[in-house]
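> got a predicted model here, sequence first, then my questions.
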Amino acid sequence: MDFLDEITLTGLTVRGHHGVYEHERRDGQEFRIDLTLRLSLRAAAASDDVADTVHYGELAERVAAVVAGEPVNLIETLAERIADVVLQDSRVEGVTVTVHKPHAPIPLTFSDVSVTIHRGRS
C-alpha cells in the first residue's frame, strides 16, 4: 500500500474583499490561508527535481490570486474556490483548505474565525 505524503503551506496572508457587508467589500481585510496537499512525493524524492512535485511558490501565487480576486460573500465559497485551484494539479489526490478571517465583523473579543474544508478527487 502506498501512503499519501503531504505538502503544507501555512499562514499565506492576502488582502481580499470578501464578506456579506458593504464595508468588507469596499475596504477589504487580510485573510490567512492554510493548505495541506495529499499526494505521492516518491517521484520528487527520487529525482530531486521540482518538476516532479507541486511547486509551492507557484501554488501560493495562484491561491493568492483567488483571495485577492473576485469577492464572495462567504469564506466557505472562498475555501471551495481555493480547493478547486489546488486540485487542478492531477498529482494532488486531496486537499485541506482553512480560510482564516481574523478581522471578521464580530462585536466581541476573539482571535480568529476560520472555515476548513476537505476535498479530493471523485
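The structure has been received and is ready for your questions. Numbers count the residues shown, from 1 in each chain.

> any low-confidence regions in this protein?
1-2 (pLDDT under 70).

> all helices of it, in order?
In the chain, the helices defined using DSSP state H lie at 22-27, 42-47, 56-68, 75-86.

> buried residues in the longest one, which are they?
The reference is to helix 56-68. 56, 59, 63, 64, 66, 67 (16 or more other CB atoms under 10 Å). Where C-beta positions appear, they are placed from N, C-alpha and C, glycine not excepted.

> residues contacting the third one?
By that I understand residue 63. Residues near residue 63 by CB atoms under 8 Å, 6 or more residues apart in numbering: 9, 12, 14, 33, 35, 82, 85, 86.

> what about 6 Å?
Neighbouring residues of residue 63 by CB atoms under 6 Å, 6 or more residues apart in numbering: 33, 82.

> also the fifth one?
With contacts defined as CB under 6 Å, 6+ apart, residue 66 is in contact with 81, 82, 85.
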